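Novice: sequence first, then the predicted structure:
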Amino acid sequence: METAARQAWEIASHFLWPSTCPICGRIGSDGCPSCLDGLLLEMPKRCLWCGGGFFPCGIQSHTTFLRAGTWHEGYARELVHLVKYSGHRRLAFEMGRALARLYREDSNVALVPVPLHRGASRSYNQAERLARGMSEEWGVPLVEGLTWKIAFPSQAGRNAFERRALPRGVFRWEGPRLERDILIVDDVCTTGMTLLRAAEAIREAGIPVKGAYCWSVSPVEKLNVTWKEKTSVD
Ligand SMILES: [Zn+2]
Ligand SMILES: [Zn+2]
């Protein structure tokens, strides 16, 4: 949904934050394709429900994969911080395009970004910007149909909450009844709980969830913290 207000904001922000590639410093670039592509590596699909095991894992109901573009470290991590805390919304869009260049997807999917939680101070949702870039690259629709049912005081609040295991029912699907397979999009996967709860909410609305894409994923040893015990779909 590109409103006139949003377009006006895009133009204003161009002057507030002149384009410079954060990786090579090139002026007039929000993130060069070659710079962004160079940060990504093709990673295997993991099982979202098992918490990072192989996909497919062999359990029949586990039909949702998790895939990231890179590890959440170094430059890839710094870019996420620029997007989250320094207002680089166009960089997020370019990161989404890079992620979509790395992987191929069917044309019958729809992208659903993890929503910005209530109480967030940011003027835009970085997951939506990422998904927007992917949507344009793949030529598939983006649907903002998920809403949070609980409030977090801050982004740090969400992370702390996630580490303690996000309860069931934190999301609700309020979008249309889609005839497409859903791909959930988020910037970072830390424990995977947010994506798991999002997938549950969409499934409960009777819509199949094919997978989840993130720009980056925490190094393997940080996955699986409380994940397996909390899975409720077996
Ligand atoms: Zn560059
Ligand atoms: Zn599994």
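Specialist: Received, thanks. Ligands and ions are numbered 1, 2, ... in the order given.
Novice: next structured bit after whichever strand or helix holds M95?
Specialist: Using DSSP states H and E, the element containing M95 is helix 89-102. Downstream of helix 89-102, the first helix or strand assigned by DSSP H and E is strand 109-113.
Novice: who are the neighbours in contact with the residue minimising distance to the centre of the chain?
Specialist: Most central in the chain under CA atoms, centre = their mean is D186, positioned 1.2 Å from the mean C-alpha point. Shown in contact with D186 (CB atoms under 8 Å, 6 or more residues apart in numbering): P113, V114, A127, L130, T194, L195, A198, A212, Y213, C214. For glycine as for every other residue, the C-beta is placed from the backbone atoms N, C-alpha and C.
Novice: all helices of the chain, in order?
Specialist: Using DSSP state H, the helices of the chain run over residues 4-16, 33-37, 74-85, 89-102, 126-138, 155-163, 193-204, 227-230.
Novice: the longest one close to ligand 1?
Specialist: No. Contact of helix 89-102 with ligand 1 (CB under 5 Å from the ion) is absent, the minimum separation being 9.8 Å.
Novice: CA atoms of that helix as CSV?
Specialist: Output in CSV follows, covering the C-alpha atoms of helix 89-102 (Å, rounded to 0.1, in the frame of the first residue of the first chain):
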residue,chain,number,x,y,z
ARG,A,89,14.6,2.5,5.1
ARG,A,90,15.8,2.4,1.5
LEU,A,91,18.7,0.3,2.5
ALA,A,92,16.2,-2.2,3.9
PHE,A,93,14.4,-2.3,0.6
GLU,A,94,17.7,-3.0,-1.3
MET,A,95,18.6,-5.7,1.3
GLY,A,96,15.3,-7.4,0.4
ARG,A,97,16.1,-7.2,-3.2
ALA,A,98,19.5,-8.8,-2.6
LEU,A,99,17.9,-11.6,-0.5
ALA,A,100,15.4,-12.3,-3.4
ARG,A,101,18.3,-12.4,-5.9
LEU,A,102,19.9,-15.1,-3.8
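Novice: what's the angle from it to helix 126-138?
Specialist: 50 degrees (axes from the mean of the first three to the mean of the last three CA atoms, to 10 degrees).
Novice: quick one, what contacts L48?
Specialist: H62, T64, F65, L66, G192, L195, L196, A199, G211, A212.
Novice: also F65?
Specialist: K45, R46, C47, L48, F55, K210, G211, A212.
Novice: roughly how far is the helix holding M95 from the heart of the chain?
Specialist: Its chain's average C-alpha position is 11 Å from that of helix 89-102, according to CA atoms, centre = their mean, to the nearest Å.
Novice: so which of the contacts of D186 comes closest to L102?
Specialist: For the contacts of D186, the residue nearest L102 by CB to CB is Y213; the value is 9.7 Å.
Novice: neighbours of the closest one, how many?
Specialist: Counted by other CB atoms under 10 Å, the residues lying close to Y213 total 25.
Novice: was I right about it contacting L102?
Specialist: No. In this structure, Y213 is not within contact of L102 by CB atoms under 8 Å, at 9.7 Å.
Novice: what sits in contact with each of these two?
Specialist: By CB under 8 Å, 6+ apart, Y213 and L102 have these common neighbours: G69.
Novice: how much space between the closest residue to A127 other than its chain neighbours and W215?
Specialist: Leaving aside its chain neighbours, A127 sits nearest to P113 (4.0 Å; criterion: CB to CB, 6 or more residues apart in numbering). Between P113 and W215 the computed distance is 12 Å (CB to CB, to the nearest Å).
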